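A.B. asks: have a look at this prediction, sequence included:
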Amino acid sequence: MGVLTGKTAIVTGASRGIGKTIAMDLAASGAKIIAVDVLQDQLIETQKEFNAKDFQYFPYVCDVGDYDKVEEFHKKVKQDHGSIDILVNNAGITRDGLIMRMKKADWDSVIHVNLTGVFNLCKIFSRMLMKKAGIIVNISSVIGVMGNAGQVNYSASKAGVIGITKSLAKELSKKGVRVNAVAPGYIQTAMTDKLSDEVKEEMLKNIPLGKLGAPEDISKVVSFLAGPDSSYMTGQVLIVDGGMCI
Ligand SMILES: NC(=O)c1ccc[n+]([C@@H]2O[C@H](COP(=O)([O-])OP(=O)(O)OC[C@H]3O[C@@H](n4cnc5c(N)ncnc54)[C@H](O)[C@@H]3O)[C@@H](O)[C@H]2O)c1
């Protein structure tokens, strides 16, 4: 028996990277995982890892930025699982470039997934969460707090996630729903693997702890926010960045 036994958690972007590790940690605490991603094959691969540990992992293909698809997904969740207790909005993408060179499509796609995706899930699942005094954890980024050259789209989307988190915390607190965010620094995943060694070396100079983070550094904090030990916290943004933002 874990602290989340009997709870059902949606984790978006849960086929790999930070989302998969968050799902693994929540499942280890007893939660049933409803995993959402656009990568069908990767979802199936990851499901095998969960099954091997006897963890419950139910994969669903859905583009979080597409309102109609999220409504269809909501119907399936209602049919298949009845309701949910925890929503972790983790799915995210980057399309970096200096503003002079950034294409409008790069702006639109990042806002579609990182910001509209969070709005869609929060809005469409809010009724279910209000009935259960549920919990929302949104994954922002230190870039949404500090900004970064070459990432106006990403930074705007992640700052927007902080805005959603604080506003929704105020809106839903009377129904007992807690809404918090985690703002990771640089974490070793497919998203950061594509950066050049030069960029990574430059990043390391700005991290007082002198290393990139691991997905587990984020999932542990998400598990804390999704569990009973954080029951008096809402509207907060926990920065997990090795000291970058000090
Ligand atoms: N890696 C980092 O350094 C870092 C730092 C700060 C914040 N973050 C945030 O953490 C989250 C996870 O990042 P990651 O590093 O694990 O990246 P990742 O690319 O490994 O994983 C992101 C996941 O989101 C999924 N996804 C993308 N678009 C989607 C959509 N439209 N609908 C549903 N799923 C979709 C991807 O398929 C992928 O599985 C993201 O929100 C990211 O912005 C990451």
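C.D. replies: Cool, got the structure.

A.B. asks: following the strand or helix carrying residue 161, which helix or strand comes up?
C.D. replies: Assessed by DSSP states H and E, residue 161 sits inside helix 152-172. Heading C-terminal from helix 152-172, the first helix or strand you meet, by DSSP H and E, is strand 178-184.

A.B. asks: centre-most residue in the chain?
C.D. replies: residue 90 (1.6 Å; C-alpha atoms, centre = their mean).

A.B. asks: please state the offset of stretch 23-43 from the chain centre?
C.D. replies: Here stretch 23-43 is found 12 Å from its chain centre; the criterion is C-alpha atoms, centre = their mean, to the nearest Å.

A.B. asks: also stretch 49-57?
C.D. replies: With C-alpha atoms, centre = their mean, you get 20 Å for stretch 49-57.

A.B. asks: again, but for stretch 167-181
C.D. replies: 17 Å.

A.B. asks: output it as CSV, nothing but the C-alphas.
C.D. replies: The C-alpha trace of stretch 167-181 is given here as CSV (Å, rounded to 0.1, in the frame of the first residue of the first chain):
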residue,chain,number,x,y,z
SER,A,167,-5.2,31.7,-11.2
LEU,A,168,-6.6,28.2,-11.1
ALA,A,169,-5.3,27.7,-7.5
LYS,A,170,-7.4,30.8,-6.5
GLU,A,171,-10.4,29.6,-8.6
LEU,A,172,-10.5,26.0,-7.5
SER,A,173,-9.4,26.2,-3.8
LYS,A,174,-13.0,26.5,-2.5
LYS,A,175,-13.6,23.1,-4.1
GLY,A,176,-10.6,21.7,-2.3
VAL,A,177,-8.5,21.4,-5.5
ARG,A,178,-4.8,22.2,-5.1
VAL,A,179,-2.9,23.5,-8.1
ASN,A,180,0.9,23.8,-8.1
ALA,A,181,3.7,23.9,-10.6
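
A.B. asks: quick one: whatever helix or strand residue 238 lives in near the ligand?
C.D. replies: Secondary structure from DSSP H and E places residue 238 in strand 237-240. No. Applying C-beta under 6 Å from any ligand atom, one finds strand 237-240 separated from the ligand by no less than 8.9 Å. From N, CA and C alone the C-beta is placed, and that goes for glycine too.

A.B. asks: and that strand, how far out from the chain middle?
C.D. replies: That offset, for strand 237-240, works out to 13 Å (C-alpha atoms, centre = their mean).

A.B. asks: that one: partners in the sheet, and parallel or antiparallel?
C.D. replies: Strand 237-240 has its sheet partners listed here by DSSP bridges as strand 178-184 (parallel).

A.B. asks: quick one: contacts for the residue nearest to residue 110 when sequence neighbours are not counted?
C.D. replies: Computed as C-beta to C-beta, 6 or more residues apart in numbering, the closest residue to residue 110 that is not its neighbour in sequence is residue 153, at 4.0 Å. By C-beta atoms under 8 Å, 6 or more residues apart in numbering, the residues touching residue 153 are 95, 102, 106-107, 110-111.
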